[in-house]
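S.K.: Just to be clear, the model below is a prediction. Sequence and coordinates:
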Amino acid sequence: MKLLSGHRAFLLQRLSAVVLLAGLAAGALRLAFGSPVTFAQWQAWSAQPLGAGVLLVLAVAVLAHAWVGMRDVVLDYIHPLGPRVALLGAVAGGLVFLAAWTMLIVVKHAMAA
Amino acid sequence: MHFRVFRYDPDRHARPVMQDYDVPLEPSDRMVLDALTRLKAQDDSIAYRRSCREGVCGSDAMNINGRNALACITPLADIKQPVTLAPLPGFPVIRDLVVDMTQFFVHYHSIKPYVTNDEPPPERERLQSPEEREKLNGLYECILCAACSSFCPPYWWNPDKFIGPAGLLQAQRFIVDSRDRAARERLEFLDDVFKVYRCRTIMNCTEVCPKGLSPARAIEHIKIALLRKPA
């Protein structure tokens, strides 16, 4: 239970925020100063190991950040134990599903290229 | 001066009501507590706590015009009429402006508010250097009036689990005390999803502390200490 609670969850939320901020800044800089990217170029970049890796890291950061945030909202506002556990389970299940789905898309795309 | 006062007596009222009073003041009446004393002479059924009358005991913490404060050090000249007086928000009301602080003190006792040191005591006393003593400034002055905890939304949401700003400020006071030897145990106790990390840095606590302390800063220091604590 302590694995992702207390200061570890706090740290996870901060670290994931830093990763997302770096990704956002890199994307914004690329859009602002780089040449326009076609869909084909974007596909080619995301199929490369570097591109796929960056996308996976960002996806994991989004999901980890979302978990801590959603968990906090549930803990703050949902007090009966049954609904609280059910909602936390639904959030965790949804995020795990999204993680698996994202991984499948990115890896499948990289393998096909 | 016109007052609107929260009235609730569970033996007589089905629900709380706001009662209006016009209180004639004397030139010597400077603080809200002075007006409350006049009001009490007018209607002796009203209940509120007070003791030292000079901002030291914390008994008369209440919500004055929507903001937690000590009635004894809130100048009448600074507040708008009608003056709305209500009990500390988020705390169960016993009667009128008197709240039940049992849960608040349960949290306070949970952080073990005393120096823990099993080492053999020195002949006279455990000395501190001026630098070590300096670390207690901004922490030891807390009078446990509960103005901060009662103005903290996360404390309203989880009053039984979140220790709250006052308790955490006191916890930090003992964590940084050079005479204490239980900092690690204290941090392990606090390293929990509810006890510290319900704090969302809203900073209402710092905003309303009548002693000018910053529980939000103390909580931040606890979080830093938890990150630095060896696993």
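M.R.: Yep, it's here.

S.K.: Which residues of chain A lie near chain B?
M.R.: Chain A comes close to chain B at residues A:2, A:5, A:6, A:7, A:9, A:10, A:11, A:72, A:75, A:76, A:77, A:79, as judged by Cβ under 8 Å from any Cβ of the partner chain. (C-beta placed from N, C-alpha, C; glycine too.)

S.K.: Dead centre of chain B: give me the residue that sits there.
M.R.: By Cα atoms, centre = their mean, chain B has its centre lying nearest to residue B:146, at 1.9 Å.

S.K.: Spatially nearest residue to it, not counting backbone neighbours?
M.R.: Take residue B:146 and drop its neighbours on the chain: the residue closest to it by Cβ to Cβ, 6 or more residues apart in numbering or on different chains is residue B:104, 5.2 Å away.

S.K.: Show the contacting residues for that neighbour.
M.R.: B:91, B:144, B:146, B:149, B:164, B:166, B:167 (Cβ atoms under 8 Å, 6 or more residues apart in numbering or on different chains).

S.K.: related to what we said a few turns ago, and the least confident of the residues of chain A next to chain B?
M.R.: Sorting the residues of chain A next to chain B by pLDDT puts residue A:2 at the bottom of the list (59).

S.K.: Centroid-nearest residue for chain A?
M.R.: residue A:62 (2.4 Å).

S.K.: Could you find the closest non-adjacent residue to it?
M.R.: residue A:20 (6.5 Å).

S.K.: Spit out the contact partners of the one you found.
M.R.: A:58, A:61, A:62, A:65.

S.K.: quick one: the strands in chain B?
M.R.: B:2-7, B:17-22, B:61-64, B:67-70, B:83-86, B:93-95, B:98-99 (DSSP state E).

S.K.: How far away from the center of its chain is the last one?
M.R.: Taking Cα atoms, centre = their mean, to the nearest Å, one finds the center of strand B:98-99 at 13 Å from the center of the full chain.

S.K.: Residue B:96 contacts residue B:86, correct?
M.R.: No: at 9.6 Å, residue B:96 does not count as touching residue B:86 under the criterion of Cβ atoms under 8 Å.

S.K.: Mind listing the shared neighbours of these two?
M.R.: In contact with both residue B:96 and residue B:86: residue B:6, using Cβ under 8 Å, 6+ apart.

S.K.: Make a ChimeraX selection of the buried ones in the contacts of residue A:20.
M.R.: Buried residues within the contacts of residue A:20, by 16 or more other Cβ atoms under 10 Å in any protein chain shown, are selected in ChimeraX with:
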select /A:58,61,62,65
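
S.K.: Quick one: residues contacting the residue nearest to residue B:101 when sequence neighbours are not counted.
M.R.: Of all residues beyond its chain neighbours, the one nearest residue B:101 is residue B:146 (6.1 Å), with distances taken as Cβ to Cβ, 6+ apart. Applying Cβ under 8 Å, 6+ apart, we find residue B:146 in contact with B:58, B:61, B:88, B:91, B:99, B:101, B:104, B:166.

S.K.: quick one: which of the residues you listed is nearest to chain A?
M.R.: Closest approach between these and chain A, by Cβ to the nearest Cβ: residue B:91, at 17.3 Å.

S.K.: partner residues bridging the closest residue to the closest one other than its chain neighbours?
M.R.: The shortest distance from residue B:91 to any residue other than its chain neighbours is 3.8 Å, reached at residue B:99 (Cβ to Cβ, 6+ apart). Judged by DSSP bridges, the bridge partners of residue B:99 are residue B:93.
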